[in-house]
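S.K.: give the three-dimensional model of this entry:
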Amino acid sequence: MKKIIIAGAGGMLGEAFYNEFKNDYNLTCTDIDVNESWLIYNDFRNFESYKELCYKVNPDILIHLGAHTDLEFCEVNREEAYNTNTISVENATLISNELDIPLVYVSTAGIFDGKKDSYDDWDKPNPLCVYARTKYLGEEYVVKNCRRYFVFRAGWMMGGHKKDKKFIYKIINQIKAGAKELHVVDDKNGTPTYTVDFARNVKHLINKDLFGVYNLVCGGLTSRFEVAAEILRILNLDSKIKLQKVNSEHFAKEYFVERPKSERLVNKKLDLRGLNIMRDWKEALVEYLSDVNLNE
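M.R.: Numbers count the residues shown, from 1 in each chain. Down below sits the predicted model:
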């Protein structure tokens, strides 16, 4: 079995990677929040500690997942954001080069400015906020300095119910709380990305030598409002809960960081290489919501 380190695996994406890879690889999964029995403590912001772990395990592949993804947190805590989202990626790049192994890094659709309706793998990023900038600087460092790498840009993440803090599960939590009306923005567009499909497609690629930068999202271009409407439809609540369209100003106090109007990605490079196995976002959403318990 090949050995893989998955660094920063304590979140929703790490859980999907663990489940997808555990039967075919010898895994070492780390995080600063040891919230699973299969995790061990390591802080990838500490270069010496990260390096010591990697030399001890001597993996065939290094997967670097962890990041601060809360935009408001990053804007207020800039130093921590840069340490976690940029410096740690430089650490991973240096270590992967020393060990002469491929690096897998997860970037984000948020690195684009949203002026276009959708973005392919070759469009030029233009980050608007601290979070986006820290992630793009990590991506840029990998591309310029890593010998062998995969950079995968994800969209609006969904997956891992207990660890999901993103838009879709915020809607679910409002439903669980008994909301009869949901206010949802109609001026933000994007592409959902199911963690299960994302991990599966990454696994599909890593044993190939087709290194580079890839958009990796579910099929179908959509909006926040359409996603919320689809959630209600799937849960048979569309006649019981009212959806109210609002613009982003409605949530300006809570979400004060500038966000792109469009974060829609197209998996153009994967399509051209015949390696795109991501499902349509609506199909993935049905699977994700299939085990939701609204009475929890």
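
S.K.: contacts and neighbour counts: CA atoms only from here.
M.R.: Fine.

S.K.: isn't M158 up against F198?
M.R.: No - using Cα atoms under 8 Å, M158 is not in contact with F198, being 10.1 Å away.

S.K.: average pLDDT for stretch 185-195?
M.R.: The average pLDDT for stretch 185-195 rounds to 91.

S.K.: and the contacts of it?
M.R.: Under the criterion Cα atoms under 8 Å, 6 or more residues apart in numbering, residues 12-13, 16, 154-160, 216-225, 245-248, 260-265, 281, 284-285, 288 lie in contact with stretch 185-195.

S.K.: quick one: it to chain centroid distance?
M.R.: Offset of stretch 185-195 from its chain centre (Cα atoms, centre = their mean, to the nearest Å): 12 Å.

S.K.: do the same with stretch 20-28
M.R.: Relative to the chain's own centre, stretch 20-28 is displaced by 20 Å; criterion: Cα atoms, centre = their mean.

S.K.: ok, now stretch 49-58?
M.R.: Here stretch 49-58 is found 25 Å from its chain centre; the criterion is Cα atoms, centre = their mean.

S.K.: tell me the mean pLDDT for that stretch?
M.R.: Here stretch 49-58 scores 97 as its mean pLDDT.

S.K.: helices of the stretch 51-200 of the chain, start to end?
M.R.: Taking DSSP state H, counting those that start in this stretch as the test, the helices found in the stretch 51-200 of the chain are 71-76, 78-82, 88-99, 130-145, 167-176, 195-206.

S.K.: list the buried ones in the fourth one?
M.R.: Applying a neighbour-count criterion of 16 or more other Cα atoms under 10 Å, the buried positions in helix 130-145 are 130-143.

S.K.: closest to N26 out of these?
M.R.: Set against N26, the nearest of those by Cα to Cα is V142 (24.6 Å).

S.K.: okay, the closest one and L243: tell me how far apart.
M.R.: From V142 over to L243 the distance is 42 Å, taken as Cα to Cα, to the nearest Å.

S.K.: likewise N19?
M.R.: Distance, N19 to L243, by Cα to Cα: 35 Å.

S.K.: what does K188 show for phi and psi?
M.R.: phi -130, psi 120 (degrees, to the nearest 10).

S.K.: if I look at it, how far off is V286?
M.R.: 22 Å.

S.K.: so which of the two has more stuff around it?
M.R.: K188 (19 against 15; other Cα atoms under 10 Å).

S.K.: give me the nearest residue to that one, chain neighbours excluded.
M.R.: K261 (4.9 Å; Cα to Cα, 6 or more residues apart in numbering).

S.K.: other SSEs contacting the helix or strand bottoming out on mean pLDDT in the chain?
M.R.: Sorting the helices and strands of the chain by mean pLDDT, DSSP states H and E puts helix 167-176 at the bottom, at a mean of 87. Helix 167-176 sits against strand 156-158, helix 224-234, with contacts defined as 3 or more Cα pairs under 8 Å, 6 or more residues apart in numbering; DSSP states H and E.
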